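Engineer: predicted model and sequence follow; I will ask about them next.
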Amino acid sequence: MDDAPPWTLLDSRTLVQDRWISLRADRLRTAEGAELSPWYVLDYPDWAAVVALTDDDRMVLVRQWRHAAQAWCLELPGGVMDPGDADPLSAVRRELLEETGHAARNWRYLYAAYPNPAIQTNRIHFVLAEGAHPAGAMAHEPGETMQLACLPVAEVLAGIGQGMLHQAMHVGAALAGLAAAGRIRL
């Protein structure tokens, strides 16, 4: 299998650039000579999220207002990796404490995936945290509207098929994290 890109970049121009997002329009040529233009690409920094489990078999989640969906969404704690974060583990340690006031005894990197590889450049890194426990006050960033939700793992598992976790990327991560922790078998 050839790993060379089948498309050639002919031109690229930035349409929007700010602290949260960069949107560019690429002009591409396929191996067959067809031109694809514009091909919109969203440049985001990498994200990180944590599957945090307590000793009493609960998953630490956040219920967060999501403006685009116009809904309260139940999600894994996490967010954008800051430039000061050394790696995904340091990012999720920070995010877990900021969003939930929790820390954990054991941390394990699970995997990274592309949220939408057709149009986004970033990856989302998932980490397992075991022995999650309250460790301080929540410190939400301005504009974050969220609530702590520590739900029994059995309730989360039962609710996954009904859309309990609203972030599609978080469903796979929750299952992978529970499998890595030995709580379920995939």
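Structural biologist: Looks like it arrived, so ask away. Numbering: from 1, shown residues only.
Engineer: these two touch, right, residue 147 and residue 63?
Structural biologist: Yes: in this structure, residue 147 is within contact of residue 63 by C-beta atoms under 8 Å, at 4.6 Å. For every residue, glycine as well, the C-beta is placed using N, CA and C.
Engineer: helix or strand for residue 112, just tell me which one.
Structural biologist: Secondary structure assigned from DSSP states H and E places residue 112 in strand 106-113.
Engineer: what's next to whatever helix or strand comes next after that strand, contact-wise?
Structural biologist: The C-terminal neighbour of strand 106-113 among helices and strands, as given by DSSP H and E, is strand 124-134. Counting contacts by C-beta atoms under 8 Å, 6 or more residues apart in numbering, the residues outside strand 124-134 that touch it are 46-55, 60, 76, 78, 81, 88-89, 91-92, 96, 101-115, 169, 173, 176-177, 180-181.
Engineer: other SSEs contacting the strand holding residue 112?
Structural biologist: Counting contacts by 3 or more C-beta pairs under 8 Å, 6 or more residues apart in numbering; DSSP states H and E, the secondary-structure elements packed against strand 106-113 are helix 88-100, strand 124-134, helix 168-180.
Engineer: quick one, domains of the chain?
Structural biologist: If you go by automatic domain parsing, the domain ranges for the chain are 7-43, 47-180.
Engineer: quick one: closest of those to residue 1.
Structural biologist: Within the domains of the chain, the stretch nearest residue 1 is domain 7-43; the backing value is 14.5 Å (C-beta to C-beta).
Engineer: list the buried residues in that closest one.
Structural biologist: Of the residues in domain 7-43, 22, 24, 26, 28, 39, 41 count as buried by neighbour count, 16 or more other C-beta atoms under 10 Å.
Engineer: which of the residues you listed fall in strands?
Structural biologist: Among the buried residues of domain 7-43, the members falling in strands (DSSP state E) are 22, 24, 26, 28, 39, 41.
Engineer: CSV please, covering those and showing distance to residue 128 and pLDDT.
Structural biologist: Formatted as CSV, the entries for the ones in strands among the buried residues of domain 7-43 read as follows, by distance: C-beta to C-beta, whole Å; pLDDT from 0 to 100:
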residue, distance to residue 128, pLDDT
22, 31, 95
24, 34, 98
26, 36, 98
28, 38, 98
39, 36, 97
41, 31, 98
